[in-house]
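*Asks:* Predicted model follows, preceded by the sequence.
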Amino acid sequence: MRECLITTKGLTREEIVEVLDYAAKIEKNPSSYYGNQSGKIIGLLFYEPSTRTRMSFETAIKRLGGDTISMGSVEMSSVAKGESLADTIRVVAGYADAIVLRHPKEGAAKMASGFIDIPLINAGDGAGQHPTQTLLDLYTIRKSAEKLDGLNIGVMGDLKYGRTVHSLSHAITKFDSRLNFISPEGLQLPDNVKYDLERSGSEVHQYTNLDEILSTLDILYVTRIQRERFPDEEEYRKVSGQYRINNKTLENAPKHLKIMHPLPRMDEISPEIDGSDHAIYIEQSHNGVAVRMALLDLMLKS
Amino acid sequence: MRECLITTKGLTREEIVEVLDYAAKIEKNPSSYYGNQSGKIIGLLFYEPSTRTRMSFETAIKRLGGDTISMGSVEMSSVAKGESLADTIRVVAGYADAIVLRHPKEGAAKMASGFIDIPLINAGDGAGQHPTQTLLDLYTIRKSAEKLDGLNIGVMGDLKYGRTVHSLSHAITKFDSRLNFISPEGLQLPDNVKYDLERSGSEVHQYTNLDEILSTLDILYVTRIQRERFPDEEEYRKVSGQYRINNKTLENAPKHLKIMHPLPRMDEISPEIDGSDHAIYIEQSHNGVAVRMALLDLMLKS
Amino acid sequence: MRECLITTKGLTREEIVEVLDYAAKIEKNPSSYYGNQSGKIIGLLFYEPSTRTRMSFETAIKRLGGDTISMGSVEMSSVAKGESLADTIRVVAGYADAIVLRHPKEGAAKMASGFIDIPLINAGDGAGQHPTQTLLDLYTIRKSAEKLDGLNIGVMGDLKYGRTVHSLSHAITKFDSRLNFISPEGLQLPDNVKYDLERSGSEVHQYTNLDEILSTLDILYVTRIQRERFPDEEEYRKVSGQYRINNKTLENAPKHLKIMHPLPRMDEISPEIDGSDHAIYIEQSHNGVAVRMALLDLMLKS
């Protein structure tokens, strides 16, 4: 296992499969792993709000018998007094056995990892990467489809700023599945991500309309289109309306299609889908615990 | 023990006594219960500020060897991004073994419990209920008076919006004690609570002046009158002044009268009372730990 | 060990050395102390933002197997509803085994300790004291210089409002080292602190220019000069510029000089110093864990 987890680019297929296999083992009997990391402490540095990621990391280490210390909100910490990320991270590296960092600036995790000699996990850096989200996404896909190769996967929404999309796309290239990107003009995959994907041998299939591709999909990964990305409200409403999933949108969807979402969702997926066999986004969030338990247990094993 | 604790209405006398008896046993030797819930995790979802309730739940589970995960403040969570309570609660139900929820909207706890299949404890829902506060109130009364029947109990202050009052009143109806409600016009017990109490066989005695009833009371339960409830400052000052407890107010009080308050108090009770034998409000808050330990240990026992 | 730790004034040389010796023992093998305080709970009441102090207390008790409960930020607690410090502290004293208090008002810790009968540790009270910071400062000095007597120590920056300086100065008087105070006019040591130091037999040497004394120093303790202390921006810039440490400032510094800082630092110390042998401020912050483990383990030992 690598000492740090900054992006999914550097992860090999074997490393990914190792985490997923271990997570699957843990999921069968999580309580038998209690005590594996007793006395270990994870430092949580979240420079941006987070519920799911932070809480599931907390759950993961506590289910292993360890504990957390948290910087708390930026407003209540030394960051408010103007302390640099470099100083904060070096200090906390003397308290904790590993650090989980979320930061609004792309590249922050890589920079921070250079200052310390304990493991650092990137829990989201701006529009950059979010590799543990990807691991739980892959875990969810594999659990549902029973494989990671030979799938037709659609990724829809804000593909420009969505770091979960960037992380997931890079990881999928290690497997033999096809990626289809569905987004409005202006929110398409950034050129650098597209370039990376193509360089690693993937074809990048882009669409502006879900209907063009829906009937062929095994997985549809939906992400949020954020109001803030649009100059005016009307433009936003027009665009986002086309990327909403409801019963009508899914009329021609394959029966076995599974719909994923990193959450939180606003109205990209109508609650009327929640009870259907298509919906696996809540279960997807739950998978974060076993996957992060696996990752932490592998990283902290001395 | 019930799977969820939403209101005190549904609790039987036997269920209440079971918790209180177990809490009394725990209080005698709390450290011997350490380890009972090792590896268990409580999810704390507080959509409103709380010190006492949140901290005593945290203390309770940690004294049992378990741990907590917390959504943190609303501003720092996905709620700020607009996530629905239903989504948040379903996600956290995949992380935790039980959920403690405080929410500003009456009925939120009942609604939320319908979405999940792990135990949920209502830690206050708007002007609705606050059942664990009631359990610790009853525990305090029983510890002080050595019984829950045959008492004359006064409840004073804002009886309209005070959820602790609503919860406590419903619970007292299971016992053979008399309830006396003392409040200013406009802050009297809501009709639906009054109706419920009368339907369960209780007489509702209402007063606007403490002096009418003080000399007969065993217990006086004081609650805060909130400034926000009054259209103008002068009206507030006039009314709230009549509902303040100090040495003078208590001149004709029975020697054995005990004064309770759910805290925080502002100036409803003068600090000059703190050292007197009447004051049991600080001890009352401390009882929250044993009672919540009892409740959690009964609920999580598998 | 004393029941409470409010100031460094009351600490004897022997008590200080006891904590430092125990911390040194712990530092050699911290994991062997895991479990010493299992089931114990520390109540964290921080009425002001803090990263280092709060997180290192959390780390310390968790490394001993104990846990914390935290009031959280003032905005999210009953304090926001107007609860008095006296009430809050009395309530929490019923939950926790010891309390760590930070408060913006000088004297708050002493006042608070009078209301409760569990140990209280002052984690900073306004411009007053910060005794655990001092213990880790002394630990750092001793670890680096291998003694606490016979040293020439410079303390520079805002000596008027800096509580770490006040605490450290009082403690140094128990040892046979010389204290040199370097500060701009207006930010010099307050008269009451100066008086206390002189009364305990110390000479107070004051300078406005680091160059006057730098070449003789073993230790230079730098503190932040806060913008808020100055009526206008220009005055601030002029003054603070003279109290910044960089390679040029240190041209005539002794080779063995060690530079300390309680952190967070703004620009008092240039990052170009970070890699030099002079810099021990990051290590200094790390020492907080062993020192606080020692203190808590001694205090909670029953």
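*Replies:* Yes, it's here. Numbers count the residues shown, from 1 in each chain, chains lettered A, B, ... in the order given.
*Asks:* taking the mean pLDDT, what do you get for stretch A:280-293?
*Replies:* On average, the pLDDT along stretch A:280-293 is 98.
*Asks:* Now residue A:55: closest residue in space that isn't a chain neighbour?
*Replies:* Leaving aside its sequence neighbours, residue A:55 sits nearest to residue B:69 (C-beta to C-beta, 6 or more residues apart in numbering or on different chains; 4.9 Å). C-betas here are computed from N, CA, C, even on glycine.
*Asks:* Could you give the bridge partners of the one you found?
*Replies:* residue B:43 (DSSP bridges).
*Asks:* How many residues are close by it?
*Replies:* 22 (other C-beta atoms under 10 Å in any protein chain shown).
*Asks:* Pretty sure it sits against residue B:41.
*Replies:* Yes. Using C-beta atoms under 8 Å, residue B:69 is in contact with residue B:41, at 5.9 Å.
*Asks:* quick one: the residue nearest to residue A:55 from chain C, how far?
*Replies:* According to C-beta to the nearest C-beta, to the nearest Å, residue B:69 and chain C sit 13 Å apart.
*Asks:* Could you do residue A:147 as well?
*Replies:* The value you get for residue A:147 to chain C, if C-beta to the nearest C-beta is used, is 41 Å.
*Asks:* in what helix or strand does that residue lie?
*Replies:* For residue A:147, there is no enclosing helix or strand under DSSP states H and E.
*Asks:* related to what we said a few turns ago, got any residues that touch both of residue B:69 and residue B:41?
*Replies:* A:59, A:62, B:95, B:96 (C-beta atoms under 8 Å, 6 or more residues apart in numbering or on different chains).
*Asks:* List the ones among those that fall in helices.
*Replies:* Applying DSSP state H to the shared contacts of residue B:69 and residue B:41, the entries found in helices are A:59, A:62.
*Asks:* can you put the shared contacts of residue B:69 and residue B:41 in JSON lines and add neighbour count, pLDDT and distance to chain C?
*Replies:* Output for these, formatted as JSON lines (neighbours: other C-beta atoms under 10 Å in any protein chain shown; pLDDT from 0 to 100; distance: C-beta to the nearest C-beta, whole Å):
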{"residue": "A:59", "neighbour count": "25", "pLDDT": "98", "distance to chain C": "16"}
{"residue": "A:62", "neighbour count": "25", "pLDDT": "98", "distance to chain C": "11"}
{"residue": "B:95", "neighbour count": "23", "pLDDT": "98", "distance to chain C": "18"}
{"residue": "B:96", "neighbour count": "24", "pLDDT": "98", "distance to chain C": "17"}
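*Asks:* quick one, what contacts the residue of chain A found nearest chain C?
*Replies:* Per C-beta to the nearest C-beta, residue A:94 is where chain A lies closest to chain C, at 3.0 Å. Residue A:94 is in contact with C:282, C:283, C:285, C:286, C:289, counting by C-beta under 8 Å, 6+ apart.
*Asks:* Excluding chain neighbours, what is closest to the second one?
*Replies:* With C-beta to C-beta, 6+ apart as the criterion, residue C:283 has its nearest non-adjacent residue at 6.9 Å, and that residue is residue C:140.
*Asks:* ditto for the third one
*Replies:* Ranked by C-beta to C-beta, 6+ apart and with sequence neighbours excluded, the top spatial neighbour of residue C:285 is residue A:91, at 4.6 Å.
*Asks:* check contacts around the residue in chain A that chain B sits nearest to.
*Replies:* Residue nearest to chain B within chain A (C-beta to the nearest C-beta): residue A:286, separated by 3.0 Å. By C-beta under 8 Å, 6+ apart, the residues touching residue A:286 are B:91, B:94, B:95.
*Asks:* Nearest residue to the middle of chain A?
*Replies:* The centre of chain A sits closest to residue A:133, judged by C-alpha atoms, centre = their mean, with a distance of 2.2 Å.
*Asks:* shouldn't that one be in contact with residue A:167?
*Replies:* Yes. The criterion here is C-beta under 8 Å, and residue A:133 meets it with residue A:167 at 6.3 Å.
*Asks:* can you pull out the helices in the stretch 151-300 of chain A?
*Replies:* A:163-172, A:191-199, A:233-241, A:281-300 (DSSP state H, counting those that start in this stretch).
*Asks:* model confidence over the first one, on average?
*Replies:* The reference is to helix A:163-172. Mean pLDDT, helix A:163-172: 93.
*Asks:* got a list of contacts for that helix?
*Replies:* By C-beta under 8 Å, 6+ apart, helix A:163-172 touches A:7-9, A:11, A:16, A:124-131, A:133-135, A:137-138, A:148, A:153, A:155, A:157-159, A:179, A:189-190, A:193, A:196-197, A:200, A:202, A:221, A:223, A:262.
*Asks:* what do you get if the cut-off is 7 Å, keeping everything else the same?
*Replies:* A:8-9, A:11, A:16, A:124, A:127-131, A:133-134, A:137-138, A:153, A:155, A:159, A:179, A:193, A:196-197, A:221, A:223, A:262 (C-beta atoms under 7 Å, 6 or more residues apart in numbering or on different chains).
*Asks:* for the stretch 1-150 of chain A, which spans come out with low pLDDT?
*Replies:* A:1-2, A:76-78, A:80 (pLDDT under 70).
*Asks:* how about the residues of it near chain B?
*Replies:* Within reach of chain B by C-beta under 7 Å from any C-beta of the partner chain, the stretch 1-150 of chain A has these residues: A:31, A:34, A:49, A:51, A:52, A:55, A:56, A:58, A:59, A:62, A:63, A:73.
*Asks:* Just give the closest residue to the first one, not the sequence neighbours.
*Replies:* Same thing as residue A:31. The nearest residue in space to residue A:31 (C-beta to C-beta, 6+ apart) is residue B:39, at 5.9 Å.
*Asks:* Tell me who's in contact with that neighbour.
*Replies:* Contacts of residue B:39 (C-beta under 7 Å, 6+ apart): A:31, A:34, A:63.
*Asks:* State the number of residues packed around the second one.
*Replies:* Okay, so that is residue A:34. 16.
*Asks:* ok, and the closest non-adjacent residue to it?
*Replies:* residue B:39 (4.2 Å).
*Asks:* measure the one you found to residue B:99 for me?
*Replies:* Applying C-beta to C-beta, to the nearest Å, the value for residue B:39 to residue B:99 is 17 Å.
*Asks:* Residue A:55 now?
*Replies:* Counting by C-beta to C-beta, the gap from residue A:55 to residue B:99 is 12 Å.
*Asks:* tell me, what's touching those two both at once?
*Replies:* With C-beta under 7 Å, 6+ apart, residue A:55 and residue B:99 have common neighbours residue B:92.
*Asks:* Now, of the residues of the stretch 1-150 of chain A next to chain B, which are buried?
*Replies:* A:34, A:49, A:51, A:52, A:55, A:56, A:58, A:59, A:62, A:63, A:73 (16 or more other C-beta atoms under 10 Å in any protein chain shown).
*Asks:* wait, isn't the first one in contact with residue A:62?
*Replies:* It refers to residue A:34. No. Taking C-beta atoms under 7 Å as the definition, residue A:34 is not a contact partner of residue A:62, at 9.0 Å.
*Asks:* rewinding a little: over to the residue nearest to the centre of chain A. Which of the three states is it?
*Replies:* On the three-state scheme (DSSP: H, G, I helix; E, B strand; the rest coil), residue A:133 is labelled helix.
*Asks:* ok, now how distant is the closest residue to it other than its chain neighbours from residue A:151?
*Replies:* Spatial nearest neighbour of residue A:133, chain neighbours left out: residue A:164 (4.8 Å); criterion: C-beta to C-beta, 6+ apart. In this view, residue A:164 and residue A:151 are 18 Å apart by C-beta to C-beta.
*Asks:* Setting aside sequence neighbours, what's the nearest residue to residue A:277?
*Replies:* In this structure, residue A:277 finds its nearest non-sequential neighbour in residue A:255, 7.7 Å apart by C-beta to C-beta, 6+ apart.
*Asks:* Great, nothing more from me.
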